[in-house]
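>>> pasting the sequence and the predicted model now:
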Amino acid sequence: MFASRFKCTACRRRLLFQSEARRYASKKSLNYLPDGPVRTRFAPSPTGHLHLGSIRTALFNYLLARRTGGQFILRIEDTDEKRTVPGAEERIIRDLRWAGLQWDEGPEVEGPYGPYKQSLRTMRYREHAEQLIASGYAYRCFCPAHELRAKAEARLKQGLSTEYDRTCIHIPAEESADRAHRGETHIVRLKDPTHQPDFRDLVFGRIRNETRKLAAPAFEDPVLLKSDGLPTYHLANVVDDHHMRITHVIRGVEWMISTRKHVTLYNAFGWTPPAFAHVGLLLDAQGNKLSKRDKAFDIGVMQAQGVLPEALDNFLALLGWSHQDGQGGGKSHNDFMTMADLERKFNLRLTKTNPVVNLDKLWFLAPKHAAARLAAGGPAAEALVDSVFIAVQNFIQDIPLDARLPITSASPEEFRAYVAAVLQVAVSRFTSAQQFAADHQYFWLLTGPAKIELAAPANVQKLLNGARSGVTEERLDPNVVRARCLWAMGDVEDAWTVENLTAALDGAIAKLGKEHNAHVPEDESKAIARLVWGYLRGWIAWGMHGPGVVETMILLGPEVTLSRMMSEVNAEWIWEGKERKEEKE
């Protein structure tokens, strides 16, 4: 019972600390923007791919630097050789640049406080560890690893925490130095104070100090320098932030429990800590921390799908940031923001809660950003067209030529121009390049699905049951509707335009409800029109969403459009939630 209770001491402590932080956070209003330029940093470890939480952390640090006219630094924390993944550093750099988060100092850019890779700064960490030993804030621990494990297991069985018992803290300084000089394996530990320092968080307010009460002699005394001479996160992080002149640290709330250790280190060195701002964890729909294994939230997958980086930036900025627009502090309901907007508006009005990630918001923002690109024109618009063009090519590559529309076999320039025209009229449906290609397959393929779903209005059956005009079910039969529409389209003598084609079809629709020129009530007329346009979408676009039916006809051209309307109907139509098999002509 006791063993299970203490199975994950660090996790229990972290959760307790976060709840305490929310409980004791100062009620005093916080300053949401620093007075002058700041220096922020993003310090990832090359242990795998970046995920949404990492990109959001980088984004917040980047935006604060840009808003204040400061600098954004990229630092690679690669001292954990066992967990370092080959190629991960290059992937981090590529992902950040894709997201538009260009750093002012860091790898490939350098700067006055480099190098910006921790593996190239190891001598500095050792020097600072020796400095702490000399000043009495740290000590060497010579306990073998197997002995430490045995002690932890024994304490675990007693229902106690598994922290260190300070066996080596009483070793005289001269003996400790001599044993280290002779090459005896050891680590360096911070002498953790019983009365830990409090600090002020820019999100949570004043975080009160905590007096540790343990059931038996045990001390956290975190490791600063490992037996291989490499630093742990705590030492390297503090030393680098100080020497790189970092003024503000924005990071996930899971690191708040470590902040007291870091403040302790700053105090030991006699340095002023940076300002800390901790932001909530990103959660999935079930309230769990986002899994790095979930491909739906993988940055690399999103890039491959053709998600727009500016849409993702906009989406991530809203996860934990309460933006306000207008005068008088009134809240704005316009969440669409370009990177320029974010750089101009961002502040530290960050929430204490853990945001739930709902990608529906991203898909809501994506078409707005796609439309903005096309409207602005230039290289960004061309890059969007290229992305969709490549996605369409990938979508049709395994489909036989005789199952594709002829335009797909035209020259690359002509086919790309056609895809660009489709994107222009259907951009309001854009979520990602891959999804766009799949959702608009009726622009690339000859044959549609075996089942066509129509969004017929719910009041059509009521209309038929209580019609005041001459409309009958026979008049609204799909074959009758098709014949009337084909007749009207055939009467268009000039080249098809939105105006003349719409007028012709509107005229055909108006005649469906009339008998002996009887008056058609407005509500019946609208219901008939909705049903007919639904049928037209079923024939022309196979019932799939997209641009207007007339715009779709014009893009497909008369030959393809009329061929689809005149072809034998042998599909199941979903109408009013019921399936009805249409007979062949």
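Here it is on my side, so go on.

>>> start to end distance for stretch 491-498?
With CA to CA, to the nearest Å as the measure, stretch 491-498 spans 15 Å from end to end.

>>> and for stretch 403-420?
Terminal residues of stretch 403-420 lie 21 Å apart, using CA to CA.

>>> find out how far that stretch is from the centre of the chain, if you would.
Relative to its chain's centre, stretch 403-420 lies at 33 Å (CA atoms, centre = their mean, to the nearest Å).

>>> same check on stretch 61-71?
Centroid separation for stretch 61-71 versus its chain: 20 Å, with CA atoms, centre = their mean.

>>> now swap in stretch 126-133 and tell me
Taking CA atoms, centre = their mean, the mean C-alpha location of stretch 126-133 is offset from the chain mean by 40 Å.

>>> how about stretch 158-173?
In this view, stretch 158-173 has its centroid 43 Å away from the chain centroid, taken as CA atoms, centre = their mean.

>>> give me the below-cutoff pLDDT ranges for this structure.
For the chain, applying pLDDT under 70 flags the ranges 1-31, 160, 209-218, 325-333, 453-473, 513-520, 568-585.

>>> can I see the domain layout of it?
As given by automatic domain parsing, the domain ranges for the chain are 123-225, 451-581.

>>> run a quick neighbour tally on P406.
When neighbours are defined as other CB atoms under 10 Å, P406 has 11 of them. Placement of C-beta: from N, CA and C, glycine included.

>>> hang on, the earlier thing: turn the domains of the chain into TSV, columns for mean neighbour count.
Formatted as TSV, those follow (neighbours: other CB atoms under 10 Å):
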stretch	mean neighbour count
domain 123-225	16
domain 451-581	16
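
>>> wait, which of the ones you listed is closest to Q435?
Taking CB to CB, domain 451-581 is the member of those nearest to Q435, at 11.4 Å.

>>> so who does the residue nearest the centre of the chain touch?
For the chain, the residue nearest the mean C-alpha position is L52 (4.6 Å; CA atoms, centre = their mean). Neighbouring residues of L52 by CB atoms under 8 Å, 6 or more residues apart in numbering: 282, 290, 297, 299, 316, 357.

>>> correct me if wrong, but Q286 is in a helix.
No: counting by DSSP: H, G, I helix; E, B strand; the rest coil, Q286 is not part of a helix but coil.

>>> and the contacts of stretch 78-95?
Residues outside stretch 78-95 that contact it (CB under 8 Å, 6+ apart): 44-50, 55, 74, 76, 107-108, 117-119, 122, 230-231, 236, 299-300, 303.

>>> ok but Y113 is inside a strand, no?
No: counting by three-state DSSP, Y113 is not part of a strand but coil.

>>> report the buried members of the contacts of stretch 78-95.
Buried members of these, scored by 16 or more other CB atoms under 10 Å, are 44-46, 50, 55, 74, 76, 107, 117-119, 122, 230-231, 236, 299, 303.

>>> returning to that earlier point: P355 versus the residue nearest to the centre of the chain, what's the distance?
Distance, L52 to P355, by CB to CB, to the nearest Å: 10 Å.

>>> just the endpoints, please. Distance across stretch 400-407?
This stretch, stretch 400-407, spans 14 Å end to end (CA to CA).

>>> off-centre distance for it?
36 Å.

>>> buried sites along that stretch?
Of all the residues in stretch 400-407, those buried under the rule 16+ other CB under 10 Å are 405, 407.

>>> the helix or strand harbouring F415: how far from the chain's middle?
F415 belongs to helix 412-426 when assigned by DSSP states H and E. Between the centre of helix 412-426 and the centre of its chain there are 28 Å (CA atoms, centre = their mean).

>>> and that helix, what does it pack onto?
helix 359-376, helix 378-396, helix 549-566 (3 or more CB pairs under 8 Å, 6 or more residues apart in numbering; DSSP states H and E).

>>> TSV for those helices, including distance to I528?
Output for the helices and strands packed on helix 412-426, formatted as TSV (distance: least, CB to CB, whole Å):
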stretch	distance to I528
helix 359-376	30
helix 378-396	36
helix 549-566	15
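
>>> nearest to T447 among the ones you listed would be which one?
Short answer: helix 549-566, nearest of those by CB to CB, at 9.6 Å.

>>> counting by contacts, list what the closest one packs against.
The contact analysis (3+ CB pairs under 8 Å, 6+ apart) places helix 549-566 against helix 412-426, helix 478-490, helix 498-512, helix 522-541.

>>> would you format those helices as CSV with distance to A375 included?
Formatted as CSV, these follow (distance: least, CB to CB, whole Å):
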stretch, distance to A375
helix 412-426, 10
helix 478-490, 32
helix 498-512, 20
helix 522-541, 25
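
>>> what's the angle between the helix holding F415 and helix 549-566?
Per axes from the mean of the first three to the mean of the last three CA atoms, to 10 degrees, the angle that helix 412-426 makes with helix 549-566 is 110 degrees.

>>> next up, identify which helix or strand R140 is on.
Using DSSP H and E, R140 falls within strand 138-141.

>>> which secondary structure elements does that strand sit against?
Contacts defined by 3+ CB pairs under 8 Å, 6+ apart place strand 138-141 against helix 122-135, helix 173-181, strand 187-190.

>>> quick one, the longest one and helix 173-181 angle?
The directions of helix 122-135 and helix 173-181 differ by 160 degrees, with the same axes, to 10 degrees as the criterion.

>>> and helix 122-135, what does it pack against?
strand 138-141, strand 187-190, strand 223-225, helix 233-243, helix 256-269.

>>> how far does the following helix or strand past the longest one sit from the chain's center?
Scanning forward in sequence from helix 256-269, with DSSP H and E defining helices and strands, the next element found is strand 275-279. In this view, strand 275-279 has its centroid 20 Å away from the chain centroid, taken as CA atoms, centre = their mean.

>>> what's in contact with strand 275-279?
Strand 275-279 is contacted from outside by 21, 34, 56-57, 60, 199-204, 247-253, 255-256, 259, 320, 348, 350-351, using CB under 8 Å, 6+ apart.

>>> try it again at 6 Å.
201-203, 248-250, 253, 256, 259, 320, 348, 350 (CB atoms under 6 Å, 6 or more residues apart in numbering).

>>> now the helix holding F415: buried residues?
Buried residues in helix 412-426, counting neighbours by 16+ other CB under 10 Å, are found at 415-416, 418-420, 422-423, 426.

>>> what would the residues you listed look like in CSV with distance to A495?
Listed next are those as CSV, based on distance: CB to CB, whole Å:
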residue, distance to A495
F415, 22
R416, 23
Y418, 17
V419, 22
A420, 20
V422, 19
L423, 22
A426, 21
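
>>> in helices, which of the buried ones among the contacts of stretch 78-95 appear?
Secondary structure of the buried ones among the contacts of stretch 78-95 is defined by DSSP state H; positions in helices are 55, 122, 236, 299, 303.

>>> hmm, which two among the residues you listed are most spread apart?
Among these, T122 and Q303 lie farthest apart (CB to CB), at 33.3 Å.

>>> follow-up on the earlier one: which one of the contacts of strand 275-279 is nearest to E127?
V249 (22.9 Å).

>>> verify the contact between the closest one and P274 for me.
Yes: in terms of CB atoms under 6 Å, V249 counts as a neighbour of P274; the distance is 5.1 Å.

>>> related to what we said a few turns ago, tell me the one of the buried residues of helix 412-426 nearest L190?
The closest of the buried residues of helix 412-426, once distances to L190 are taken by CB to CB, is L423, at 57.4 Å.

>>> now the closest one. Nearest residue, chain neighbours left out?
The shortest distance from L423 to any non-neighbouring residue, by CB to CB, 6 or more residues apart in numbering, is to V388 (5.4 Å).

>>> and the gap between the one you found and G306?
For V388 relative to G306 (CB to CB), the value is 7 Å.

>>> what does A275 give?
38 Å.

>>> settle it for me: which of these two has more neighbours?
Between A275 and G306, G306 has the larger neighbour count (other CB under 10 Å), namely 22 against 19.
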